[in-house]
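>>> Sequence plus predicted model, see below.
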Amino acid sequence: MKVDEILAKLTEMFPDAHCELIHRNPFELAVAVVLSAQTTDVSVNKVTPQLFEKFPTPQALASASLEEIESCIHRIGLYHNKAKSIQGLARGVVEQFDGVMPQTMEELMSLPGVGRKSANVIMSVCFGMPAIAVDTHVERVSKRLRLAAPKDTVLEVEKKLMRKLPKSEWSHAHHLFIFFGRYFCKAKNPQCQDCPFTSFCREYQAQQKQAEKVEKQKRVKAKAA
Ligand code: SF4
């Protein structure tokens, strides 16, 4: 299946694929992305409304104490470290960029706690720039659908996707892959029985091969008995 056919199929399956982190501006999205490390978007969305209401600007969050921040986000995992990270991020925005979120990859990545994936999410979702953020879902789906090799690093996956997908589709594809990975092609128990990609999916074919091998072994044993 060609890559544009994959995208068309995914668009049929998930016509509303979008960023699910609640935010009203680029700074809030940056904070939400930092908080989402090793936590679901649903969990992050449970704490950010209160956090953003209490600290509505980078300046407000930059001057908040760690205890105040922790009291807003204590329901998510790793909240001690995450409180430090978002305080550092807010201070970076205030000190380096006068309180205004920058828009380039280089500037975004100069902020504390913002890596390549987060910078790509912010550029694409908030500033409408073509970018592919490779998170765990995008990586897994890309490898299963043979858009990347099993041993590729996250950066290699990103580069391959940028090469194989039309630039105009990068941001949309990012959301499609996330929705597909989050709701259908999950890490454990993917819905292969209903999947349109079984004919070339690496994971599915490996499972089939394994099942055939087991069947063969059973037949050999039965014959020998
Ligand atoms: S066949 Fe299964 S593992 Fe492969 S892409 Fe579809 S749901 Fe995912």
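Right, received. Where do you want to start?

>>> From now on I want contacts and neighbour counts done on CA atoms only, so please keep to that.
Noted.

>>> how distant is stretch 50-67 from the center of its chain?
Relative to its parent chain, stretch 50-67 has a centroid offset of 25 Å by CA atoms, centre = their mean, to the nearest Å.

>>> Using the three-state scheme, assign residue 38.
Using DSSP: H, G, I helix; E, B strand; the rest coil, the three-state assignment for residue 38 comes out as coil.

>>> Could you tell me how many residues sit around the nearest residue to it once chain neighbours are set aside?
For residue 38, ignoring the flanking residues on the chain, the nearest one in space by CA to CA, 6 or more residues apart in numbering is residue 77 at 7.8 Å. If you count neighbours by other CA atoms under 10 Å, residue 77 ends up with 17.

>>> so residue 77 sits right up against residue 40, yeah?
No - taking CA atoms under 8 Å as the definition, residue 77 is not a contact partner of residue 40, at 9.9 Å.

>>> what's the weakest-modelled helix or strand in this protein?
helix 202-224 (a mean of 92; mean pLDDT, DSSP states H and E).

>>> List the buried residues of it.
Along helix 202-224, these residues count as buried under the neighbour rule (16 or more other CA atoms under 10 Å): 202, 203, 204.

>>> And stretch 6-20, by the same measure?
Of the residues in stretch 6-20, 7, 10, 11, 14, 17, 19 count as buried by neighbour count, 16+ other CA under 10 Å.

>>> name the element the second one belongs to?
Right, residue 10. Assigned by DSSP states H and E, residue 10 belongs to helix 3-13.

>>> For this structure, which residues are neighbours of the ligand?
If contact is defined as CA under 6 Å from any ligand atom, the residues of the chain in contact with the ligand are 144, 145, 185, 190, 191, 192, 195, 197, 198, 201, 203, 204.

>>> Quickly list the domain ranges of the chain.
Structural domains of the chain, as assigned by automatic domain parsing, span the residue ranges 26-127, 192-224.

>>> And the shortest one, how far out from the chain middle?
Okay, so that is domain 192-224. Between the mean C-alpha location of domain 192-224 and the chain-wide mean there is a distance of 30 Å, by CA atoms, centre = their mean.

>>> One more: the longest one?
Going by CA atoms, centre = their mean, the spacing between the C-alpha centre of domain 26-127 and its chain's C-alpha centre is 16 Å.

>>> How about stretch 112-131?
11 Å.

>>> can you pull out the helices in this protein?
Under the criterion DSSP state H, helices of the chain are mapped to 3-13, 26-35, 41-54, 58-62, 66-73, 79-97, 105-109, 116-127, 136-144, 154-164, 170-183, 202-224.

>>> and the first one with helix 170-183, angle?
When axes from the mean of the first three to the mean of the last three CA atoms, to 10 degrees is applied, the directions of helix 3-13 and helix 170-183 differ by 60 degrees.

>>> List the contacts of the closest residue to the ligand within the chain.
Of all residues in the chain, residue 192 sits closest to the ligand, at 3.5 Å by CA to the nearest ligand atom. Applying CA atoms under 8 Å, 6 or more residues apart in numbering, one finds that residue 192 lies in contact with 185, 198, 204.

>>> can you pull the pLDDT of it?
The score at residue 192 is 97. That number is its pLDDT.

>>> Check residue 2 too.
The score at residue 2 is 89. That number is its pLDDT.

>>> and it, how many neighbours?
By the criterion of other CA under 10 Å, residue 2 has 8 neighbours.
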